[in-house]
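Asks: Pasted the sequence and its predicted model underneath.
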Amino acid sequence: MDTLDDLPPGIGQYEDFHTIDWLRDIARDRMRHRHIIKKKQEGIWEKIKSAHDAWSGWVCVLLVGVAAGLCAGIIDIGATWMSDLKEGICAEAFWLNREQCCWSVSNTDANDDYCQQWKTWSEIFGGSRSGAGSYVVTYFIYMLWAIVFAMLAALFVRVFAPYACGSGIPEIKTILSGFIIRGYLGKWTLLTKSVGMMLAVSAGLSLGKEGPFVHVASCCGNVFSYLFPKYGTNEAKKREILSAASAAGVSVAFGAPIGGVLFSLEEVSYYFPLKTLWRSFFCALAAAFVLRSINPFGNDHLVMFYVEYNEPWYIQELIPFVLIGVLGGLYGSFFIKANIAWCRYRKNSKLGNYPIIEVLVVTFVTALLSYPNQYTRLNTSELIKMLVGRCGPEDDTDLCDYKRNYSSHMLNQTSLKTMTSSTVIGDGVYKALWMLALALVFKGIITVFTFGIKIPCGLFIPSMAVGAIMGRMIGIGVEQIVVANHDNPFFENMCESKQFCRITPGLYAMVGAAAALGGVTRMTVSLVVIMFELTGGLQYIVPLMVASMTSKWVGDALGKEGIYDAHILLNGYPYLDSKEEFTHTTLASDVMRPRCARYGSAVRNDPPLSVITQDSMTVEEVDHVLKSTSHNGFPVIVSRESQYLVGFVLRRDLNLALSNALKNQDGIVYNSIVYFTNHVTENPNGPAPLKLRKIIDMAPVTITDQTPMEMVVEMFRKLGLRQTLVTHKGRLLGILTKKDVLRHIAHLENQDPESILFN
């Protein structure tokens, strides 16, 4: 009897921490699709089923986009409210944040100290709004709320979903490359990450919620994929939905649907066919539409720091833009090296055993040092909004303290032009520059220790904040040089007179934000599009491109990987980067297992290759092979003497088939012969044979022992292979797995091959 006419459940699935077989899964989906097309002719019901199969991909990404938009809206509203809670509360309606609370006042500026509805904590405890006593009370309660929020975030992660910590993007990249991490995209992780993001951002830590949005959206993608068996039961197809989900994550994080699609293509996706591009676009569109409908910031835009400029930029300004790009690349390289060194220390020391204490210490230091400085006390998104903005006549902040004369002829067109033109800075700007310099040093250093602690933490916003501070300071410097030398021929097209020089420091902050983020993540195309969608300034694409490209060049010159690739390497995930070139001259025989004597066995003591014969092993012998080894699969050969290859069988499938046959099939006992062929020799006196031909892959990818490793690496990358079998004149010689390839690359690059941890 053939035990697998109806395959037992679980055949074709994968264990945790294993790599998927892309070729096998895609072939299975094509076979399923051919079956549906064939059945389509049998009646109206089969036609409906075929139509449902065709549109299920679009329905799935629509649901994912809507869910990602809803999650983002709730997280944005919650994070804004809790961030304001550290400084005070709305007396009339506690559920309103500071800006909403003050809307009813004639002056809608939420930073106005004279909004009566908003009560600071010192006022609630019977004090005044200003004075030394009030400062001490608000300082203490600010720190108290920060520690409470951070502790809750850390406890939620520790108790409910340990996978909810960090950014999630390195793991999403690894999962999209074909790795299985069970539970990483589950319902509990989704819930814990969403709540944890709100708490972590509200604690005032130097982290963002934009990176974790990719993880949250991918969790939505994973959850909804199980509603459609086409995606839920096929790991390769599921990754099409996850690619679209990661595009939706960036779409809602920055209000940049096109940037989200490009981010998914450039940064996270491994397999990105044209069909996935269209679905990613639709998913990002649905997510952005839902978030726009919720309008979490009340400004009709999807992000807190949307700005619109129409000031021109000048060709001479490309020099400071290149300088900003260089500084962004230098900062990115410093940050990656410092953060990886700290994360490695945490991993290898006792510090890793006390994650909650580490979170509390980092929060305490952050709150203690950030409150006295008005720029670090601000929510990071609000800080970026302030830095990329321009100074108008209504701004009375230190940053906009320019020596302008508004007293006479206010309605005169020339005076209106003067209000926004560059002029000499006042004392307030000098004070602001000192505070910004301190904020730059503080943010740059504290983010190194914050990224990687065991709470949800993203990197986009802190990196952009560091770049925006740097850019704004350089912008003010350039502005003052131009104003002081307005009659210099080099600046003549930038100035009509001393009163009419048009330099926009906010533009430099925007370019700086792009440069720093590019230096840290090594994004280019998607970064420029995200920044352009953020600001709505089409004419600033060239400055953004110049800064992003420069920062990538400088960063690449000082270190190959971006922060996400560096964390993949640190964690030992089996990620074969498709962007890197393999330039060594080794052969398959140098890397395969077991290493043959004629290829230098002194290098490595490998056990002999575990194989299964096609028609001469009993159930007991096959079971012994399974129990005595831990390999993921076994080559099937004609006989031990000939060693000619028949096919390849996966360990999980073999285990399931044996246990299923022993339980459910009459006559199958431990003495039964296992056949992997169609031809079965019937023995009337012996036990019934066990036929397992249906679980064997009859066309495994094979190479010869003389195949260059350069070609082998390309096969693993382009075909998404899990393993390949090595033959010599048709006879089986050894096996090469993805892990062997990664270890070989690590060995050639003088890294520790044992750092590749997983199968």
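Replies: Nice, thanks for sending it over.

Asks: Give me the below-cutoff pLDDT ranges for the stretch 1-150 of the chain.
Replies: Applying pLDDT under 70 to the stretch 1-150 of the chain flags the ranges 1-12, 104-114.

Asks: hey, where'd the strands end up in it?
Replies: In the stretch 1-150 of the chain, the strands defined using DSSP state E, counting those that start in this stretch lie at 88-90, 118-120.

Asks: quick one: which of the ones you listed is nearest Ser225?
Replies: Smallest distance to Ser225 across the strands of the stretch 1-150 of the chain (C-beta to C-beta): 41.1 Å, for strand 88-90. Where you see a C-beta, it was placed from the backbone N, CA and C, and this is true even at glycine.

Asks: Can you list the strands that the closest one pairs with?
Replies: In its sheet, strand 88-90 lies beside strand 118-120 (antiparallel), with partners assigned from DSSP bridges.

Asks: buried ones in the strand it pairs with?
Replies: Under the neighbour-count criterion of 16 or more other C-beta atoms under 10 Å, strand 118-120 has 118-120 buried.

Asks: now stretch 345-359
Replies: Of the residues in stretch 345-359, those with enough neighbours to count as buried (16+ other C-beta under 10 Å) are 346, 355-356, 358-359.

Asks: Where does the closest residue to Ala688 other than its chain neighbours sit: helix, strand or coil?
Replies: Sequence neighbours aside, Gly667 is the residue nearest to Ala688 in space, at 3.2 Å (criterion: C-beta to C-beta, 6 or more residues apart in numbering). With DSSP: H, G, I helix; E, B strand; the rest coil as the basis, Gly667 sits in coil.

Asks: The chain should start at 498 in everything you say after this.
Replies: Got it, the first residue is 498 from now on, which makes the last one we talked about Gly1164.

Asks: State the distance from Gly1164 to Pro1184.
Replies: Gly1164 sits at a distance of 6 Å from Pro1184 (criterion: C-beta to C-beta, to the nearest Å).

Asks: Between these two, which has more neighbouring residues?
Replies: Between Gly1164 and Pro1184, counted using other C-beta atoms under 10 Å, Pro1184 has the larger neighbour count: 15 against 12.

Asks: three-state assignment of that one?
Replies: Counting by three-state DSSP, the backbone at Pro1184 sits in coil.

Asks: What distance do you get for the closest residue to Gly680 other than its chain neighbours to Pro1040?
Replies: Once flanking residues are discounted, Gly680 sits nearest to Tyr660: 5.9 Å by C-beta to C-beta, 6+ apart. Distance of Tyr660 to Pro1040, computed by C-beta to C-beta: 39 Å.

Asks: okay, these two: which has more neighbours?
Replies: Using other C-beta under 10 Å as the criterion, Tyr660 and Pro1040 rank with Pro1040 on top: 26 against 21.

Asks: who's in contact with the more buried one?
Replies: When contacts are counted by C-beta atoms under 8 Å, 6 or more residues apart in numbering, Pro1040 touches 810, 814-815, 818, 1004, 1008.

Asks: Can you say which of these are buried?
Replies: 810, 814, 818, 1004, 1008.

Asks: ok, so of those, who is nearest Val1022?
Replies: Checking those against Val1022 by C-beta to C-beta gives Val1008 as the nearest, at 16.3 Å.

Asks: what helices or strands is the biggest helix by length in the chain leaning on?
Replies: Secondary structure of the chain per DSSP state H: the longest helix is helix 541-582. For helix 541-582, the contact count by 3 or more C-beta pairs under 8 Å, 6 or more residues apart in numbering; DSSP states H and E identifies helix 519-536, helix 684-699, helix 707-722, helix 726-729, helix 732-751, helix 771-791 as packing neighbours.

Asks: So what's the residue count around Phe760?
Replies: Each residue near Phe760 was counted by other C-beta under 10 Å, and the total is 30.

Asks: I misspoke; the intended subject was Lys735.
Replies: Residues lying near Lys735 (other C-beta under 10 Å) number 24.

Asks: again with Asn982
Replies: Taking other C-beta under 10 Å as the definition, Asn982 ends up with a neighbour count of 14.

Asks: Pretty sure it sits against Cys998.
Replies: No: no contact is recorded between Asn982 and Cys998 when judged using C-beta atoms under 8 Å, the distance being 9.7 Å.

Asks: Pro1221 falls within a strand, correct?
Replies: Just so we're on the same page, residue 1221 is Thr rather than Pro. Yes: secondary structure assignment (three-state DSSP) places Thr1221 inside a strand.

Asks: Report the angle between the longest helix of the chain and helix 707-722.
Replies: 150 degrees (axes from the mean of the first three to the mean of the last three C-alpha atoms, to 10 degrees).

Asks: same for the strand or helix carrying Ala1011, what does it pack against?
Replies: Taking DSSP states H and E as the criterion, the element that holds Ala1011 is helix 1002-1018. Contacts defined by 3+ C-beta pairs under 8 Å, 6+ apart place helix 1002-1018 against helix 815-845, helix 877-885, helix 957-981, helix 1022-1032, helix 1038-1055, helix 1060-1068.
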